[in-house]
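# Mind folding the following:
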Amino acid sequence: MSTSTSTSSEIPYTIPLKDGTPKGHTTHTESTTTIFLPKEGAFLNPVQHYNRDMSVAVIRAWNELRKEELETKFRNKLAKNGGVPKKKKGKGKELTKEEDKDTSVEAPAEPTADEQPIAGPSTERKFRPPSINILEALAATGLRSIRYAKEIPNVKFVLANDLSPSACEAMRRNVEFNGVGEDSLTPRQPGVTNPLVTGDEVKAEGGEETVQEAEKKVEEPKPLIGEDGLEIKDRVGRRPGCRGRVKINEGDACAFMYSHRSPVGPSSRVDVVDLDPYGTAAPFIDAAIGSISDGGLLAITCTDLAVLAGQQYPEKCYSNYGGTNVHAEYTHEAALRLVLHSLANCAARYGRYITPLLSFSIDFYVRLFIRVNTGPEQVKRVASKSGVVFTCNFCESSVIQPFGRIVERETSKGVVRETFKTHAGPTAKNGSNCEECGGTMHLGGPLWLGPIQDSTFAKRVMNEISAQEKEYKTFPRMLGMLSLAAQELPEPFFFTANRIAKSVHMPSLPLNKILSALLNAGYKVSRSHAQAGAIKTNAPRSFLYDIHREEAKTNPIRIDKIAEGSPARVLIAKPMTHTIDFTPHSDALLERTGKETFYQINPLPNWGPAPRAKSIQVNISEPIKENKRKVEEILQDTSESKKAKVEITEPNEVVIEDIQKDVKDETSNGESQETKEEEMMNL
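The predicted structure follows:
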């Protein structure tokens, strides 16, 4: 990842623009995509490089999973018909019996002993997966959309939308510069002799075609690896099998997604929707859920962690996500579950349900990858996967109350039937006082109580990125986050050794000692991706305090240092209810096994979201008046005096101060920025 002011002719994998390099712009490069960044009017946060790398890898893995599911369905359907595809009726009329006899496939006669079998035309059907369409509702500079078109195979179109005219103008320039526009020729792929073959050919219904038809088409090339360990790409930097093109739409994001709610037709649903707004994604959730096809993928980002995981804005959290935040150390996991509940609740209104694949709390935002399907039976289960949580304000013990429960009953004929009922919650006493320390309980939620990670899918993505390690600059962090997601237990919330020890006024115990006690008692343990040192377990909270009560037998607690009436005295005096065994366990080590990075350290000052972009009205048809000079031209002129007064097309005057100082600062920042960003990605 780099930012510079190189000319377009020097940048690889790009097509020089007809009008040359635009003035007042800098270039930004990620992977094989280089875009022009205007000083104002389009938003790009370089620290989201990891977010974009992870999105590319997840969509590629989901695309392969989708292909396998469709192929399995196709094979099962073919086997059900005896290996012969079901005949299709003509338009408006059925075939006559004579025509049916003529067009039917006759079984070949058995060859005699003297006859040799003769190879004839094959009637075996070959599966051919349909292409996919991706919609990015808030595309800004178009960097993410261009990367999707270049790096994800089987993509037909990436629909990039933005409301800002200046952002759309920047997108059009960047799409043309990278050769992925609608009018761009399909680039030649390595090892392919026919460059005009794209993913848009008409195919048989269900993605099936005969072997003879398949042989006439050009097979997709297998990834070829060069000497540098990178895949061999075409002249505009497309990875093998990638032929996507970017369509740009200027308009409201919700209106654009609502226009793709039809199951069929020209405005049919898309396969992937990516929501990456500045702040909350709440206003776009309803439109996004309706525009995704069955089995499709929703990638959603929310950067308002001050609302989701903070303590100051419970009213804003409720208005955005239909629930209140949780005041505890596991508030970042609760933030993920708040967003998931909002998505599940929205989808249920339309008879649809969600399946979380990956859910991450990263830096200053949350990022979720969700599959959306339609199924009334699954919608009934949403109540049992949603609920509220009571959290103690002193020891942070939690009591979870689901909204519903499922009761299975077997009939006299052996058929298992499910009944959906409301769930019995905690009593009024438990709702106000903690069972462990007697502290006050606070209500949080509603939250999603089901799993937030799909370990099988996480391992699939790990295999995907490990096979193309060189393609991802942020590979160590991607591998670390996916490793944590693959092992993370589905139980809600986690604990840290420091927070448990603080509740009983003890020094923090070694983590291996706590893990050994949990494993020796038969409980499960895993890390949590949301916080360094966090441990998830299916053990009750009382077991964790029993560990410290057992430790207090050899290292007594100074009870005289604890104030009278403190809940810590209640915790310490409470009798033990479990047997604790501190014998070292072989599985108590949760250390790194390779070069993965589990938890990111903030590498630069002011690490966080960049300032919001300002929309600028673009009017390129109006000529510039004589004797009027642009602000950008003045900024590039180092020979002028430190102070200059510049006239622009508006009646007001703009004063540019300390021009030479700004130019020098910009030059020095440009030279050091690339070095800092490279160091940042290697942490």
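# which parts of stretch 407-425 are buried?
G425 (16 or more other Cβ atoms under 10 Å). Just so you know, the C-beta spots here come from the backbone N, C-alpha and C atoms, and that holds for glycine as well.
# Equivalent analysis for stretch 240-253, please.
Here stretch 240-253 shows 240-250, 253 as buried, counting by 16+ other Cβ under 10 Å.
# What's the end-to-end length of it?
This stretch, stretch 240-253, spans 31 Å end to end (Cα to Cα, to the nearest Å).
# what do you get for stretch 265-278?
Note: stretch 265-278 ends 32 Å apart using Cα to Cα.
# average pLDDT for it?
Average pLDDT, stretch 265-278: 91.
# again with stretch 463-481
Stretch 463-481 comes out at a mean pLDDT of 92.
# Tell me the one of the buried residues of stretch 240-253 nearest N81?
G241 (30.3 Å; Cβ to Cβ).
# Wasn't I248 part of a strand?
Yes. Assigned with DSSP: H, G, I helix; E, B strand; the rest coil, I248 falls within a strand.
# Quickly list what it is bridged to.
A160 (DSSP bridges).
# wouldn't L159 be in contact with L138 here?
No. With contacts counted by Cβ atoms under 8 Å, L159 stays clear of L138, the gap being 11.9 Å.
# need the helices for the stretch 351-500 of the chain, in chain order.
376-379, 428-432, 455-467, 475-487, 497-503 (DSSP state H, counting those that start in this stretch).
# same deal with the stretch 51-200 of the chain?
With DSSP H, counting those that start in this stretch as the criterion, the stretch 51-200 of the chain has helices at 97-103, 143-151, 165-178.
# N393 is nearest to which of those?
helix 143-151 (40.9 Å).
# which of the helices of the stretch 51-200 of the chain sits most buried?
helix 143-151 (a mean of 28; mean count of other Cβ atoms under 10 Å).
# So which elements touch that one?
With contacts defined as 3 or more Cβ pairs under 8 Å, 6 or more residues apart in numbering; DSSP states H and E, helix 143-151 has these neighbours: strand 25-30, strand 33-38, helix 49-80, strand 132-136, strand 155-162, helix 165-178, strand 245-250.
# As CSV, those with mean pLDDT and distance to N393 would be great.
Compiled in CSV, these are given as follows (pLDDT from 0 to 100; distance: least, Cβ to Cβ, whole Å):
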stretch, mean pLDDT, distance to N393
strand 25-30, 88, 44
strand 33-38, 88, 46
helix 49-80, 93, 34
strand 132-136, 97, 41
strand 155-162, 96, 43
helix 165-178, 92, 44
strand 245-250, 96, 48
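# will you turn those into TSV that also has distance to D304?
What follows is the helices and strands packed on helix 143-151, written out as TSV (distance: least, Cβ to Cβ, whole Å):
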stretch	distance to D304
strand 25-30	25
strand 33-38	25
helix 49-80	15
strand 132-136	20
strand 155-162	20
helix 165-178	21
strand 245-250	26
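# With P402 as the reference, name the closest of these.
Closest approach to P402 among these (Cβ to Cβ): helix 49-80, 28.8 Å.
# so the closest one versus helix 143-151, what angle?
50 degrees (axes from the mean of the first three to the mean of the last three Cα atoms, to 10 degrees).
# Compare the helices of the stretch 51-200 of the chain and give me the one nearest A497.
helix 143-151 (38.9 Å).
# Next, the angle strand 245-250 makes with that closest one.
Using the same axes, to 10 degrees: helix 143-151 against strand 245-250 is 160 degrees.
# pLDDT on helix 143-151, on average?
96.
# same question, stretch 548-567
Averaging pLDDT along stretch 548-567 gives 93.
# Between the two ends of that stretch, how far is it?
15 Å.
# Buried ones in that stretch, by neighbour count?
548-551, 557, 562, 567.
# which residues touch it?
Defining contact as Cβ atoms under 8 Å, 6 or more residues apart in numbering, one finds that stretch 548-567 is touched by 394-395, 434, 437-439, 500-501, 503-507, 509, 517, 568-569, 572, 574, 576, 580, 582.
# Counting only strands, which of those make the cut?
Among the contacts of stretch 548-567, no residue falls in strands (DSSP state E).
# out of the residues you listed, which are buried?
By neighbour count, with 16+ other Cβ under 10 Å, those hold 394-395, 434, 437-439, 500-501, 503-506, 509, 517, 568-569, 572, 574, 580, 582 as buried.
# helix, strand or coil for H585?
coil.
# per-residue pLDDT, P12?
pLDDT for P12: 87.
# so is it in a helix, a strand, or just coil?
Three-state assignment for P12 (three-state DSSP): coil.
# Relative to M54, how far out is it?
Plainly put, P12 is 24 Å away from M54 if you go by Cβ to Cβ, to the nearest Å.
# that older thread, tabulate the helices of the stretch 351-500 of the chain (TSV), appending distance to L443.
As requested, the helices of the stretch 351-500 of the chain are exported to TSV (distance: least, Cβ to Cβ, whole Å):
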stretch	distance to L443
helix 376-379	26
helix 428-432	8
helix 455-467	31
helix 475-487	29
helix 497-503	20
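# closest one to A287 among those helices?
helix 376-379 (19.4 Å).
# quick one: buried residues of that closest one?
378-379.
# Show me what that helix packs onto, helices and strands only.
Counting by 3+ Cβ pairs under 8 Å, 6+ apart, helix 376-379 packs on strand 352-362.
# so how far is the strand it packs on from its chain's centroid?
Its chain's C-alpha centre and that of strand 352-362 lie 8 Å apart, by Cα atoms, centre = their mean, to the nearest Å.
# pLDDT averaged over that strand, what's the number?
pLDDT averaged over strand 352-362 gives 96.
# That one: partners in the sheet, and parallel or antiparallel?
By DSSP bridges, strand 352-362 pairs with strand 365-374 (antiparallel).
# give the contact list for S267.
259-261.
# before we move on, what about V416?
By Cβ under 8 Å, 6+ apart, V416 lies in contact with 408-410.
# excluding its backbone neighbours, what's nearest Q48?
D276 (7.8 Å; Cβ to Cβ, 6 or more residues apart in numbering).
# isn't the one you found right up against M54?
No. Applying Cβ under 8 Å, one finds D276 not in contact with M54, separated by 11.9 Å.
# Which one, of the helices and strands packed on helix 143-151, ends up nearest to R541?
helix 49-80 (32.9 Å).
# Compute the inter-axis angle for the closest one and strand 155-162.
Going by the same axes, to 10 degrees, helix 49-80 makes 140 degrees with strand 155-162.
# Need the contact partners of stretch 499-519.
329, 394-396, 437, 497-498, 525, 533, 535, 537, 539, 543-545, 547-552, 555, 557-558, 561-562, 567-568, 571-572, 580-585, 587-590.
# So which of these sit within helices?
Residues of the contacts of stretch 499-519 located in helices (DSSP state H): 497-498, 543-545, 547-552, 567-568, 571-572.
# for the stretch 301-450 of the chain, which spans come out with low pLDDT?
Residue ranges of the stretch 301-450 of the chain with pLDDT under 70: 427-431.
# mind listing the strands in it by residue range?
352-362, 365-374, 386-392, 398-402, 404-410, 416-422, 441-448 (DSSP state E, counting those that start in this stretch).
# got the ones you listed as CSV, with distance to Q311 columns?
Listed next are the strands of the stretch 301-450 of the chain as CSV, based on distance: least, Cβ to Cβ, whole Å:
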stretch, distance to Q311
strand 352-362, 16
strand 365-374, 17
strand 386-392, 12
strand 398-402, 16
strand 404-410, 29
strand 416-422, 31
strand 441-448, 10
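# Which one, of those strands, ends up nearest to V339?
Per Cβ to Cβ, nearest to V339 of those: strand 365-374, 6.1 Å.
# how about the CA coordinates for the closest one, as PDB?
This file holds the C-alpha atoms of strand 365-374, laid out as PDB (Å, rounded to 0.1, in the frame of the first residue of the first chain):
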ATOM      1  CA  TYR A 365     -15.200  -0.800  13.900                       C
ATOM      2  CA  VAL A 366     -17.100  -4.100  13.600                       C
ATOM      3  CA  ARG A 367     -17.100  -6.200  10.400                       C
ATOM      4  CA  LEU A 368     -19.600  -9.000   9.800                       C
ATOM      5  CA  PHE A 369     -20.100 -11.500   7.000                       C
ATOM      6  CA  ILE A 370     -23.600 -13.000   6.900                       C
ATOM      7  CA  ARG A 371     -25.500 -15.300   4.600                       C
ATOM      8  CA  VAL A 372     -29.200 -14.600   3.900                       C
ATOM      9  CA  ASN A 373     -31.800 -17.200   3.100                       C
ATOM     10  CA  THR A 374     -35.600 -17.500   2.900                       C
END
